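**Student:** Give the three-dimensional model of this entry:
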Amino acid sequence: MKEQAHFWRHPAVPGTDLLRAHYVTHRFTRHVHDGYAIGVIVDGVEEFDYRGTLHRAGAGELVLVNPDAAHTGHAGAPDGWSYRMLYPSIDLLAGIAAELGAPYATPHFAEQVVRDDAVAALLCRAHRAAELGDALAASTLSRTLFARLLTRHATPRPAPALPGEGMRAVREALEVLHGSLVDPPTLDDLAGAVGARPFALLRAFKRATGLPPHAYLTSLRVRQARRLLQSGVCPAQVAAEVGFTDQAHLTRHFRRIVGVPPAAYQRAAGTYKTGDSLLA
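**Tutor:** Sure, this is the predicted structure:
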């Protein structure tokens, strides 16, 4: 089966993207999402490293990835894997959790691979309805899906494992990186800016985010690139605005994290302009 990927915005649930894909040789580089990644393996096996632990998800199993949790993704079998994914925002799931009377603001999934046949079937139904553009069915099924996941598999978000001073340095380093996408500091300069030693900051940063600062910066650039592409900015200009050397550089990292090239993502967002480069 040939590799293919279809990425689009949910027709009726704001803050939610969807992906239907089959991958064989494609590998997702280590990255983080600013929301959740929730899906079901339709066929084959996916392997992914999640915060340093390797997981295998086979046909019928759910994959649950929390926001800002570093992870990868690649085939765990010769024929690759097929899956259907939803990417809801933190605000969406937190809002549903609040409606359900949950005692926590940010839901957390303690297990990343789950066997729950009823929820897997519901996910497939919601996903297909969204793909067909049936707004009422897609919104009803998707919100029912998220509520079912929260009640069956969510737990309170765990407290940070770092001491206070380490978390302070990481928080300030994150602020610096958010403000310097185009011209980021060196590790030494970043450490100096937050009053930490370089190796101590590197160790604390990786422990808190799952990524070293340079890899986190790449995820951050791709995150901002998605926002710009959704607003209609052409990929070449997006590359310059978020700090990639050119459109090819943007495309390479974008596909490793999102699973589709920028032009395909922009078409799904409905902001693609005829004449833009279709660089894959």
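**Student:** per-residue pLDDT, the spatially most central residue of the chain?
**Tutor:** By Cα atoms, centre = their mean, the mean C-alpha position of the chain lies nearest to residue 33, the distance being 3.1 Å. Here the pLDDT value assigned to residue 33 is 93.
**Student:** Give me the neighbour count for residue 54.
**Tutor:** Close neighbours of residue 54, defined as other Cβ atoms under 10 Å, add up to 10. Every C-beta, even on glycine, is put in place using the N, C-alpha and C of the backbone.
**Student:** And residue 167, by the same measure?
**Tutor:** Neighbour tally, residue 167, other Cβ under 10 Å: 15.
**Student:** before we move on, what about residue 57?
**Tutor:** Residue 57 has 25 nearby residues by other Cβ under 10 Å.
**Student:** So what does it have for phi and psi?
**Tutor:** phi -120, psi 120 (degrees, to the nearest 10).
**Student:** Spit out the contact partners of it.
**Tutor:** Residue 57 is in contact with 41, 45-48, 63, 76, 81, 113, counting by Cβ atoms under 8 Å, 6 or more residues apart in numbering.
**Student:** For the closest residue to residue 38 other than its chain neighbours, pull up the helix or strand it's in.
**Tutor:** Of all residues not flanking residue 38 in the chain, residue 86 sits nearest, at 5.0 Å (Cβ to Cβ, 6 or more residues apart in numbering). Using DSSP states H and E, residue 86 sits in strand 81-88.
**Student:** circling back to that earlier point, pLDDT wise, what is the nearest residue to the residue nearest to the centre of the chain once chain neighbours are set aside at?
**Tutor:** Distances taken as Cβ to Cβ, 6+ apart put residue 67 closest to residue 33, at 6.1 Å, once the chain neighbours are dropped. pLDDT, residue 67: 93.
**Student:** Can you pull the domain assignment for the chain?
**Tutor:** 4-155, 164-269 (automatic domain parsing).
**Student:** In TSV: the contacts of residue 57, plus pLDDT, distance to residue 8 and secondary structure.
**Tutor:** As requested, the contacts of residue 57 are arranged in TSV below (pLDDT from 0 to 100; distance: Cβ to Cβ, whole Å; DSSP: H, G, I helix; E, B strand; the rest coil):
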residue	pLDDT	distance to residue 8	secondary structure
41	98	20	strand
45	98	25	strand
46	98	21	strand
47	98	26	strand
48	98	22	strand
63	98	19	strand
76	97	26	coil
81	98	20	strand
113	98	25	strand
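**Student:** ChimeraX command to pick out the buried ones of the residues you listed?
**Tutor:** Selection of buried members from the contacts of residue 57 for ChimeraX, criterion 16 or more other Cβ atoms under 10 Å:
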select :41,45,46,48,63,76,81,113
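**Student:** Nearest to residue 209 among the contacts of residue 57?
**Tutor:** residue 48 (16.8 Å; Cβ to Cβ).
**Student:** what sits against the closest one?
**Tutor:** Contacts of residue 48 (Cβ under 8 Å, 6+ apart): 28, 54-55, 57, 63, 71-74, 112.
**Student:** Show the buried residues in those.
**Tutor:** 28, 55, 57, 63, 71, 73-74, 112.
**Student:** so which pair among the residues you listed is furthest apart in space?
**Tutor:** So, the buried ones among the contacts of residue 48 by Cβ to Cβ: farthest apart are 74 and 112, at 15.0 Å.
**Student:** Help me confirm that residue 123 comes into contact with residue 42.
**Tutor:** No. Using Cβ atoms under 8 Å, residue 123 is not in contact with residue 42; the gap is 10.2 Å.
**Student:** Do you know the pLDDT at the closest residue to residue 120 other than its chain neighbours?
**Tutor:** When the adjacent residues along the chain are set aside, residue 120 lies closest to residue 40, with 4.7 Å between them (Cβ to Cβ, 6+ apart). Note on residue 40: pLDDT of 98.
**Student:** mind listing what residue 40 touches?
**Tutor:** 60-63, 83-84, 120, 123-124.
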